[in-house]
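Asks: Here's my sequence, what's the structure:
(2 chains)
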Amino acid sequence: MDNVIAYMPSILQGTTITVAVALCSVVLAVIMGLLGAWGKLSDSLAANKICEAYTTLVRGVPELVLMLLLFYGGQQLLNDFGHATGLWGYIEINHFTAGVFTIGFIYGAYMTETFRGAYLAIPRGQVEAGVACGMSGPLVFRRIIWPQLVRYALPSFGNNWLVLLKATALVSVLGLHELVWESFTAGRSTRQLFTFFLITLLIYLVLTAISDVLLRWLDRKYSLGVRRA
Amino acid sequence: MAEERAPSLFEAIREFSADSSPLDFMVILDHWDLFLTGIWNTLTLVVLALVIGGAISLPLAVIRARKTAIANQIVFVYVYVFRGTPLLVQLYLIYYGMGQFEAVRESFLWPFLRDAWWCTLLAFTLNTAAYTTEIFRGAIEAVPFGEVEAAKACGMSKMQQTTRILLPNALRRALPMYSNEVIFMLHGSVVASTVTIVDILGAGRTINGKYYLAYEGFIAAAVLFMILVFFITRAFKVWEKHWHAHLRPRDLSGEKAGAGRSAQPAPAE
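Replies: Below you'll find the model as predicted:
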């Protein structure tokens, strides 16, 4: 018990890093997802193909494989490029940035499908009605598409968020000092790995429980005016 | 230059691979046996976990769907814990954590719990059983009540209702969701490489570590996973076609009205 109290600050610090990684990467994933959905729905054949390749490749390969590939390979690529062009010398991407970029990039592919599906669920007639009323494109988007896009995307977004949150544990393999890494260190030096991983497990449970509550609240907020059976 | 002995095609390829090609693919080909071991380990772990986990999840799903007293709550907590936490932490808890207890170290289970392979199998099984329980529960609850009622009216016992009506129906409905779970399990299985197991990713990491490479091993692993996922999706498409034959809207253009199988209306999803 004394050990647990002694290591609690570092565990909590790890938790904040885990949460920070998750939040930053979900923002990136949403941006990637919106861009991807836009590309998939656009009339441009090139954009279709690129986004199709992005989602197929990313969703076909395990997260950890992509993470390691992007972390080590991406670093190598950046340095090779810098060396070849002479634009920059040796750079080392820090673990936090690497983690956020890889998780954001990976879950962007899942978000692409989320937003694409949500967009397709909006009845076309509503958009046409908006145009017929003389609304401009952005206005149609803001008043008609966006509120419903959020509503239809929320359940799937929630699933993705929960999977993403759990995927942050994998960043410990890259060496980022987040929750799992901190518990590993604490457990190893006190020879109480079970205790510390149990704490980690409970912290993840609390995080998912909080997310559940928030997602349900958001769902209620965005489903106002929808009749439920 | 003409005097120089022309290098054999094989040597030329090797040289190109090592010096000119951005990826040294020959390194991968030289270690094909390592990757074969990796594929074998990944597949055995995933398949065993899916089979055992699936067998465990069936009764648990029935308990959840029937809302059996007390057991329902216990299963709920189990499912919630395993679905709400990362597989990596579950694996670490079992592999690194169990040795903390004197009692475990002295028990007859220690030879298994000390071994990374068995720990991984245990973690994977518990994990997939939790997800599959939830999938099957949803599927069981989606079975129209009328069918169960009809079974009751025919005088079937509770057990017969479950094995004859509820499960065959529910398992078919669960197929698309279950195919997702299989792919998630395959993807999740790469965490085995973090506890010294040479799975597909483990093979890639070994190569990269040995030759100080940045891409080759990981790209080979990624390609192998893509291939596996491709085959799994294909297999499930075939199975779905077979098991969901009764749910497909009937194509009447090819056959004469009244001919063929009895005209059974497709139940609405």
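Asks: Could you tell me how many residues sit around B:Y178?
Replies: Other residues within reach of B:Y178, judged by other CB atoms under 10 Å in any protein chain shown, total 20. Every C-beta, even on glycine, is put in place using the N, C-alpha and C of the backbone.
Asks: what do you get for A:E128?
Replies: Here the neighbour count serves as a burial measure; for A:E128 (other CB under 10 Å) it reads 11.
Asks: now it: how far from B:V191?
Replies: 49 Å (CB to CB, to the nearest Å).
Asks: Pick out the residue nearest the middle of chain A.
Replies: Here the mean C-alpha position of chain A is nearest to the C-alpha of A:V26 (CA atoms, centre = their mean), at a distance of 3.2 Å.
Asks: ok, it touching A:Y107?
Replies: Yes - assessed by CB atoms under 8 Å, A:V26 is found in contact with A:Y107 at 7.2 Å.
Asks: where do the contact lists of these two overlap?
Replies: Between them, A:V26 and A:Y107 share the neighbouring residues A:L164, with contact defined by CB atoms under 8 Å, 6 or more residues apart in numbering or on different chains.
Asks: got the residue ranges for the helices in the chain?
Replies: Using chain A. Using DSSP state H, the helices assigned to chain A run over residues A:2-41, A:45-60, A:63-68, A:74-85, A:95-121, A:124-132, A:137-140, A:146-167, A:171-174, A:179-190, A:193-222.
Asks: The intended chain is chain B.
Replies: If DSSP H is used as the criterion, the helices of chain B fall at B:9-15, B:25-30, B:32-66, B:71-84, B:87-95, B:102-106, B:110-113, B:116-141, B:145-153, B:158-160, B:167-188, B:200-211, B:216-243.
Asks: And chain A, is the second one touching that?
Replies: Just to be clear, that refers to helix B:25-30. No - contact check for helix B:25-30 against chain A, using CB under 8 Å from any CB of the partner chain: none in range, with a minimum separation of 14.0 Å.
Asks: distance between that helix and the chain's centre?
Replies: Distance of helix B:25-30 from its chain centroid, counting by CA atoms, centre = their mean, to the nearest Å, is 28 Å.
Asks: Equivalent analysis for the third one, please.
Replies: Between the centre of helix B:32-66 and the centre of its chain there are 6 Å (CA atoms, centre = their mean).
Asks: Show me which positions of it end up buried.
Replies: By neighbour count with 16 or more other CB atoms under 10 Å in any protein chain shown, helix B:32-66 contains the buried residues B:34-35, B:37-39, B:41-42, B:45-46, B:49-50, B:52-54, B:56-58, B:60-65.
Asks: and if you look at the fifth one?
Replies: Using 16+ other CB under 10 Å as the burial criterion, the residues of helix B:87-95 that qualify are B:L87, B:L88, B:V89, B:Q90, B:L91, B:Y92, B:L93, B:I94, B:Y95.
Asks: hang on, isn't the third one packed against A:F196?
Replies: No - under the criterion of CB under 8 Å, B:V89 lies out of contact with A:F196, with a separation of 10.3 Å.
Asks: joint contacts of those two?
Replies: When CB under 8 Å, 6+ apart defines a contact, no residue borders B:V89 and A:F196 alike.
Asks: returning to that earlier point: the helices of chain A: lowest mean pLDDT?
Replies: Of all these, the segment with the smallest mean pLDDT is helix A:74-85, scoring a mean of 83.
Asks: right, is it up against chain B?
Replies: Yes - judged by CB under 8 Å from any CB, helix A:74-85 comes into contact with chain B at A:Q75, A:Q76, A:L77.
Asks: Contact residues of the stretch 51-200 of chain B facing chain A?
Replies: Remark: the part of the stretch 51-200 of chain B in contact with chain A comprises B:80-81, B:84-90, B:92-93, B:96-101, B:186-191, B:193-194, using CB under 8 Å from any CB.
Asks: related to what we said a few turns ago, of the buried residues of helix B:87-95, just say which sits nearest to A:T16.
Replies: For the buried residues of helix B:87-95, the closest approach to A:T16 (CB to CB) belongs to B:V89, at 17.3 Å.
Asks: List the residues that contact the closest one.
Replies: B:V89 is in contact with A:A169, A:V180, A:F197, A:T200, A:L201, A:Y204, counting by CB under 8 Å, 6+ apart.
Asks: hmm, back to that, I would like a PyMOL command selecting only the buried ones among the residues of the stretch 51-200 of chain B next to chain A, please.
Replies: What follows is the PyMOL syntax selecting those of those that are buried according to 16+ other CB under 10 Å:
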select buried, chain B and resi 80+81+84+85+86+87+88+89+90+92+93+96+97+98+100+186+187+188+189+190+191+193+194
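Asks: how deep is the nearest residue to A:T200 once chain neighbours are set aside tucked in, by neighbour count?
Replies: With CB to CB, 6 or more residues apart in numbering or on different chains as the criterion, A:T200 has its nearest non-adjacent residue at 4.5 Å, and that residue is A:S183. Taking other CB under 10 Å as the criterion, the count of residues near A:S183 is 30.
Asks: Also the one 4 residues further on?
Replies: As a burial measure, the neighbour count of A:G187 was computed by other CB under 10 Å and equals 25.
Asks: Next, the contact list for it, please.
Replies: A:G187 makes contact with A:L193, A:F194, A:T195, A:F196, A:F197, B:Y96, B:G97 under the criterion CB under 8 Å, 6+ apart.
Asks: Check the gap between B:S20 and B:A12 for me.
Replies: Using CB to CB, one gets 10 Å for the distance from B:S20 to B:A12.
Asks: For those two, work out which one has more neighbours and name it.
Replies: Neighbours of B:S20 and B:A12, each counted by other CB under 10 Å, are more numerous for B:A12; the result is 11 against 7.
Asks: Check that one and give its pLDDT.
Replies: pLDDT, B:A12: 77.
Asks: same question, A:F71
Replies: Listed pLDDT for A:F71 reads 86.
Asks: Check whether it really touches A:T102, as I assumed.
Replies: Yes - the pair formed by A:F71 and A:T102 meets the contact definition of CB under 8 Å, at 6.4 Å.
Asks: Overlap of the contact sets of these two?
Replies: Looking at what touches both A:F71 and A:T102 (by CB under 8 Å, 6+ apart), there is no common residue.
Asks: so who does the spatially most central residue of chain B touch?
Replies: Per CA atoms, centre = their mean, the C-alpha nearest to the average position across chain B is that of B:V182, at 3.0 Å. Residues near B:V182 by CB under 8 Å, 6+ apart: B:V46, B:L50, B:I232, B:F236.
Asks: what's the closest of these to A:N94?
Replies: The closest of these, once distances to A:N94 are taken by CB to CB, is B:V46, at 33.8 Å.
Asks: Does that closest one touch B:H187 like I think?
Replies: No - using CB under 8 Å as the test, B:V46 is too far from B:H187 to be in contact (9.7 Å).
Asks: re the thing from before, now render the buried residues of helix B:87-95 as a markdown table, adding distance to A:I5 and pLDDT.
Replies: Putting the buried residues of helix B:87-95 into a markdown table (distance: CB to CB, whole Å; pLDDT from 0 to 100) gives the following:
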| residue | distance to A:I5 | pLDDT |
| --- | --- | --- |
| B:L87 | 29 | 95 |
| B:L88 | 25 | 95 |
| B:V89 | 21 | 95 |
| B:Q90 | 25 | 95 |
| B:L91 | 27 | 95 |
| B:Y92 | 22 | 94 |
| B:L93 | 21 | 94 |
| B:I94 | 25 | 93 |
| B:Y95 | 26 | 92 |
